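> here is my input, please return the structure:
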Amino acid sequence: MRSRLKSVRTACLAGAAVLAVSAAAACSSSSSSPGTTSTSGSPSSAPVKTGGSITALESAGYSGAWTSLDPAADKSFAALQDFNTAIYGQLFELGPGGTIIPSLASGYSFSPDAKTVTITIRQGVKFSDGTPLNAAAVQYNWMRDMGPIAIKNGVNLPWLVPTQPAPKGAPPGTPTPALPSAFTVSGPYTIVVHQIVPNGAFIDQLFTSPGDAIASPTAIQKEGASFGQNPVGAGPFTVATNIPNEELVVKKYANYWQAGHPYLDQITFKTVGSDEAAYEALLANQGQVYENMSTNALITQSEQHLQVEDNLGTSPYDLQLNTAVPPFNNPKARQAIYAATNFQPILQHIFGNRYPVTESFTGPGGICYEPKVPGYQEYNPTLAKQLIAQTGLDKQTIQLGTIALSTAQESMSALRTEWESLGLKVNIQSWPLGGLIAAFEANGGKSWQSMVQTAGAYDPAAAIGVNFRFNSKSPFSGVHDPKLDGLLASAQASTNMSTRCNFYDQASAYIAKNWYGPFFFTLAPVNVAVHGLSGPGITTPLASVAVVPTIPWEDVYYNPSS
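I've put the predicted structure just below:
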């Protein structure tokens, strides 16, 4: 059984995927023309009101932890969607129902072989420093995204194959700078992307990459190393104050390209330590919105006093197993973990059965969703005990880690209890996002054994999609299998949606067959807001581009009297 979003977005991608210029052009021609108003959602909870200020609360364990707001230098780009959207805007937005909405770009088209993508940039847009946002500025950013700064920080545009050899002595899989020929400017507002393989997911991949956040080249050169603290974009807001890991204040950009937007005068993004702290702040009106509330009891309480929006999940909880090191380089040890793991009690007691169970790397809010996978090893404690004894897992201590978010920590603790009841010994540890990244990267990726993680994207080919956890070249993957890499590459390269999903189905079955990592359920991000605040993702649902939806802050308004 398969569930897909049946939407304008899906039809457009499928049309663009057909090997014909006319179909690709049809998708491009459906996009907004210069000067038109964004249709990224029609907030409906309260009458539209211009002006006012809000405080958006950000979790200290995820989006509220930042050191730099430079897209090319930021390892946690996907976690900082709120800030980047406010400051830089987006070339394209993922709107309601999965529609692709041109914003700073005005359209796109694929070549018949899907190797070349032509993007037109909206004319007349200026960065907040007064310099023009044009094709040359996009080229500058994309070259920088793929260049030495990005390499140093482990960030790259995964959808673009580099066109120059890796630096001498670089570790295998190191991303390399792209030559200028990778991105060519064919006109003042037209940039052409040249890829050496077909890629039907190109626009989707922008949603989760630094390539969707275009910074002012002039400001980058002027600020140098300080640009991450004083970023300049062409988004709806400009930075007023930036205190990393604590508070970011942005103010309305008066010359924003979209007439009448943004609605708000100011947004204060403020870090909070927990869901409980966020809930109390909302009740006291010390904050107006909190994204990704995951504590079930607080969600239930919020439904009595606040606005609660269940957005469309694309990111499953996944138990990652590192196949490069003992004990999970042994397939039977991995099968033992599958058989020893029962996610139903976790789903019931920690998450109140709010989320759909899945056996694959996608969710109901994304494309190619497959909740049941043939050959998937189900919970079987009898088999688990046999395999634990057979592989000697009971004679060692398993290291299990996760991010420092309360529900992830509770899930990890529950897993430890389950496993120890079957004879395993488990040591658990958690880190804030930066520490978690370091744990994955330590010792060339060979210091961790198992991790409870959430990752996924609207399109599995996006940067934080399936490749993030299962591709050999990802520093956040414990799997190193060329055959799986090939299946994922074939799915990404295909220009036909049915073909893409067929390859993803094969990849899901292959992951299950080799016990590369069991899946829990798909997180459905819950955004909680005070009454009177309206906007896409706040009072109307959005699909998650990566873990959570990207809120287009220019469309958010606050009418506290409603």
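> send me the helix or strand residue 83 falls within as CSV with only the CA atoms.
Per DSSP states H and E: residue 83 is located in helix 81-88. Extracted C-alpha coordinates of helix 81-88, given in CSV (Å, rounded to 0.1, in the frame of the first residue of the first chain):
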residue,chain,number,x,y,z
GLN,A,81,15.0,27.3,8.9
ASP,A,82,13.2,29.9,11.0
PHE,A,83,16.2,32.3,11.0
ASN,A,84,17.3,31.7,7.4
THR,A,85,13.7,32.2,6.0
ALA,A,86,13.3,35.5,7.9
ILE,A,87,16.7,36.9,6.9
TYR,A,88,17.3,35.5,3.5
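> that helix - what's its average pLDDT?
The pLDDT scores in helix 81-88 average 95.
> what helices or strands is that helix leaning on?
Contact partners of helix 81-88 among helices and strands, from 3 or more C-beta pairs under 8 Å, 6 or more residues apart in numbering; DSSP states H and E: strand 237-243, strand 247-252, strand 266-272. Where C-beta positions appear, they are placed from N, C-alpha and C, glycine not excepted.
> I'd like those strands as a markdown table, with mean pLDDT appended.
A markdown table is the format used below for these (pLDDT from 0 to 100):
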| stretch | mean pLDDT |
| --- | --- |
| strand 237-243 | 98 |
| strand 247-252 | 98 |
| strand 266-272 | 98 |
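> could you dump those strands into CSV with mean neighbour count and distance to residue 314 added?
Output for the helices and strands packed on helix 81-88, formatted as CSV (neighbours: other C-beta atoms under 10 Å; distance: least, C-beta to C-beta, whole Å):
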stretch, mean neighbour count, distance to residue 314
strand 237-243, 17, 26
strand 247-252, 20, 26
strand 266-272, 21, 23
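> in TSV, list those along with distance to residue 291.
Converted to TSV, the helices and strands packed on helix 81-88 look like this (distance: least, C-beta to C-beta, whole Å):
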stretch	distance to residue 291
strand 237-243	17
strand 247-252	14
strand 266-272	10
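> looking at those, which is closest to residue 298?
Of all these, strand 266-272 sits nearest to residue 298, with 12.3 Å by C-beta to C-beta.
> before we move on, back to that, and the helix holding residue 83 with strand 247-252, angle?
40 degrees (axes from the mean of the first three to the mean of the last three C-alpha atoms, to 10 degrees).
> outside of helix 81-88 itself, list whatever touches it.
56, 58, 63, 66, 69, 71, 77, 212-215, 231-239, 248, 250, 267, 269, 291, 545-546, 548, 550-553 (C-beta atoms under 8 Å, 6 or more residues apart in numbering).
> which one of the helices and strands packed on helix 81-88 lies closest to residue 536?
Of the helices and strands packed on helix 81-88, nearest to residue 536 by C-beta to C-beta is strand 266-272, at 14.9 Å.
> rewinding a little: for the helices and strands packed on helix 81-88, which one sits closest to residue 286?
Where these are weighed against each other on C-beta to C-beta, the nearest is strand 266-272, at 8.7 Å.
> partners of that closest one in the sheet?
strand 53-59 (parallel), strand 247-252 (antiparallel) (DSSP bridges).
> nearest to residue 297, out of those?
strand 53-59 (16.7 Å).
> quick one: average pLDDT of the closest one?
On average, strand 53-59 scores 97.
> so for it, what gets flagged as buried?
Neighbour-count burial for strand 53-59, counted by 16 or more other C-beta atoms under 10 Å, picks out 54-59.
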